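# Following is a predicted model, sequence given first.
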Amino acid sequence: MTPMSHFHAPGTPVAVLTTQPLDRALDYRAPAGGIEDGAYVEVPLGPRKVLGVVWGKAAGDWPVEKLRPILRILPVPPMSDAFRDFTERAAAYTLTSLSAMLRLGLRAPGLGEAPGKRRVYALGTGEPDRATEARTRVIAALRERPGDVFALSELADMASVSTGVVKGLVKSGAVLEQDTPRDADYPTLDPDRAGKALAEDQMVAASALRASVRSDTYGTTLLKGVTGSGKTEVYLEAVAEALAGGLQALVLLPEIALTGEFLHRVEARFGARPAEWHSGVTQAERRRCWSKVATGQARLVVGARSSLFLPFQNLGLIVVDEEHDTSYKQEDGVLYSARDMAVLRASCEAAQVVLATATPSLESWANAELGKYKRLDLTSRFGEAVLPKLSTIDMRDEKVPGGRWISPTLKQAIEARIIAGEQSLIFLNRRGYAPVTLCRACGQQVACHQCDARMVEHRFQKRLMCHQCGETAPMPPACPSCGVEGKLAAVGPGVERMAEEVATLFPEARVAILSSDLFGSARSLKAKVEEIAQGGADIIVGTQLVAKGHNFPKLTLVGVIDADLGLQGSDLRAAERTFQLMRQVSGRAGRADKPGVALLQTYQPEHPVIRAILSGDEEAFLREEADQRRAAGVPPYGRMAGIVISDPDGAVAFDVGNALARNTQPLDQVGAEVFGPAPAPIARIRGRHRVRLLVKAPRQAPIQPALAEWVARITLPRSTRLSIDIDPQSF
Ligand code: ADP
Ligand code: ZN
């Protein structure tokens, strides 16, 4: 149901949806002067004042004198009908409360604050009168980001100091305290500047996208082309069309570290930088972005998945770059897929979506097959660049000493690159030093005490870390199980250990590690990526962080340490993931007219997925994968939902799961089947035991209302939490 825009006369009852977890709008009295639907307001709730949005006519029939008044209308344009419509649909689709969905759209820092109330802090010219360690950290944090201004608590958090430390630096002039600057307009992007001269297939794709943007209707296009085929150039043409037509555009990237290169390209194409929205920008900058998007002044936004909830006024285009990337799935709080939400938002806004990728997700590929999405293919790499040549290294034939993982064949290939002055990438999708830390006295592995997970050694930080809950601990001198000292041993390789091996094998080479743990901020990662791109390393050792669209012109060799890694386990998406990851990471080799090579170390070169990766016949692989999923009735040919029940007591979680499994009547009615309860893939996190049920239904089944009714029949114990994940990542 599309909410109809409506003006409410002074003193009449109106509904206001607040960000408080109430799951329904509350009734208030319209202020003198009346009020519009979608207006951002401040209303009293109990003793407090809370933010909300006017959400249609009052729901109840309270006499209007009994209603409390709306206190204040915020000086920002109202939320559009399309955005409210999207909020309602997204809530219904993900089975999230409306208020939780609204909160995603109100994440502008200081939105409700009176103007001028907030002070901001920046680097000053003075010296601290007394240089304590805490003070030095504040100055260092500011120096790392010259030109940025920060809120008090934000700066204190960045430097891990109390706000008092920041305040203490103001007097000496080492830190400047200022009024919040007025949000400056973003510079104007010029869509008429000449872009690059496009190759034939780029031109065909670009004009198709331009025409769809001009159509002012909803549509989704899968833009498929190998890495380096010029997809970015093509979708920038669609952006140009949106800008020329007075529409706003949003480009989603899966990884903040990719924004640096993208910003440069936008600047080269349109003469100015776009607005940015992600965790790497300051609160002040996010506030500016939110309000300029709301007024329509910010015309192009580059952002992370949460930028889908910005208050666009006239959105014409959403690009989801690297659409297959799993990080588009939000796994905390509101569970949603940014790719699916982009399509939903665009359909509410009559906008176009471009899904760009070299290795489409099976979902998007199938939707294109079904004709729900259009499809455009770029078939060759731009210019002279050719695709890397892929081959396997059969590890059964290689002699590798214990505690080492680089085969003689791979070693030789790296040597040849060093001599040629080219870069190599050693890829292993495992963070840390070693996946297992084992006591050689008692044989026990060091485990997280709150999770069903091993503690992973991170040698650079000299700590153990749980990759589930993030808990860290110093490396213990003795085994936590048996207490024997000096017997803890690293088992298996992680990227840090690979870097060590590389340094031993190639003592002369400059080695860079790219793993998310080693960068304190998005900015430092961005800087490292740029340094490597300039040739600042001979060998890069990296996790899946490097698989994502980074452009290293001198990189000509990719060595995959363990191509079999992702094929273990029972996840139905394992084949798809491995295929995508291997193709993506191989695609890093040999851009810019230097031919590249990818070598995959494997113990099972005859595995069908490994063979498909080598043959590079994506269509054949996807067709086969599609056949299997169709036969099993799983996504994208069936619908799936995961229900995770967690409780400090595992038996309680199982009881709830069993109670649900016994009474499935609402699901039976829509033809859905229930599997489980079974321990969730990670059976305990942060001390909570987790039990999972999987619900499988035919593709067209109206599964959400049935799920809602089903779980509503259960009264949860106070300690128990239940979450529903529509389209879970693993099943
Ligand atoms: P993709 O997004 O498919 O990986 P890009 O758009 O990044 O590909 O293009 C790969 C490289 O080729 C980039 O350095 C880009 O600047 C260059 N390139 C692509 N198309 C053209 C063109 N028409 N003219 C000049 N350079 C191009
Ligand atoms: Zn843990």
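In hand now; what should we look at? Ligands and ions are numbered 1, 2, ... in the order given.
# Find me the pLDDT at the residue in the stretch 51-200 of the chain that ligand 1 sits nearest to, would you?
Relative to ligand 1, the nearest point of the stretch 51-200 of the chain is Lys196 (3.5 Å; Cβ to the nearest ligand atom). From N, CA and C alone the C-beta is placed, and that goes for glycine too. What the model reports for Lys196 is a pLDDT of 88.
# so it sits right up against Thr232, yeah?
No: with contact defined as Cβ atoms under 8 Å, Lys196 does not count as touching Thr232 (10.3 Å).
# Could I get the full set of strands for the stretch 251-400 of the chain?
275-277, 300-303, 315-321, 329-330, 336-337, 352-357, 374-378, 389-394 (DSSP state E, counting those that start in this stretch).
# just the CA coordinates of the third one, formatted as CSV?
The reference is to strand 315-321. Extracted C-alpha coordinates of strand 315-321, given in CSV (Å, rounded to 0.1, in the frame of the first residue of the first chain):
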residue,chain,number,x,y,z
LEU,A,315,16.5,8.9,-7.0
GLY,A,316,17.1,7.8,-10.5
LEU,A,317,19.8,5.2,-10.3
ILE,A,318,21.4,2.7,-7.9
VAL,A,319,24.5,0.9,-8.9
VAL,A,320,25.5,-2.1,-6.8
ASP,A,321,29.1,-2.8,-7.8
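# Quick check: which helices or strands does that strand pack against?
Secondary-structure packing of strand 315-321 (3 or more Cβ pairs under 8 Å, 6 or more residues apart in numbering; DSSP states H and E): helix 231-244, strand 248-252, helix 338-349, strand 352-357.
# ok, back up a step: comparing Lys196 and Thr232, which residue is more hemmed in?
Thr232 (21 against 14; other Cβ atoms under 10 Å).
# Which residue, neighbours along the chain excluded, lies closest to that one?
Arg265 (6.4 Å; Cβ to Cβ, 6 or more residues apart in numbering).
# measure the one you found to Val436 for me?
Separation of Arg265 from Val436 (Cβ to Cβ, to the nearest Å) stands at 42 Å.
# Stretch 707-727 - what's its average pLDDT?
For stretch 707-727, mean pLDDT rounds to 93.
# Number the chain from 55, please
Sure thing, new numbering starts at 55, so read that last one as stretch 761-781.
# follow-up on the earlier one: then the residue of the stretch 105-254 of the chain closest to ligand 1 would be within a strand, right?
No: under the criterion used here (DSSP: H, G, I helix; E, B strand; the rest coil), Lys250 is coil, not part of a strand.
# That one and Arg319, how far apart?
10 Å.
# now do Asp139
Noted for Asp139: a distance of 33 Å to Arg319, by Cβ to Cβ.
# what about these two, which has more around it?
Asp139 (18 against 15).
# Mind checking the helices and strands packed on strand 369-375 for the one nearest to ligand 2?
helix 392-403 (26.3 Å; Cβ to the ion).
# okay, the angle between that closest one and strand 302-306?
170 degrees (axes from the mean of the first three to the mean of the last three Cα atoms, to 10 degrees).
# Name all residues that make contact with Ala762.
By Cβ atoms under 8 Å, 6 or more residues apart in numbering, the residues touching Ala762 are Leu149.
# re the thing from before, turn the strands of the stretch 305-454 of the chain into TSV, including mean neighbour count.
Formatted as TSV, those follow (neighbours: other Cβ atoms under 10 Å):
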stretch	mean neighbour count
strand 329-331	24
strand 354-357	24
strand 369-375	27
strand 383-384	18
strand 390-391	24
strand 406-411	27
strand 428-432	18
strand 443-448	18
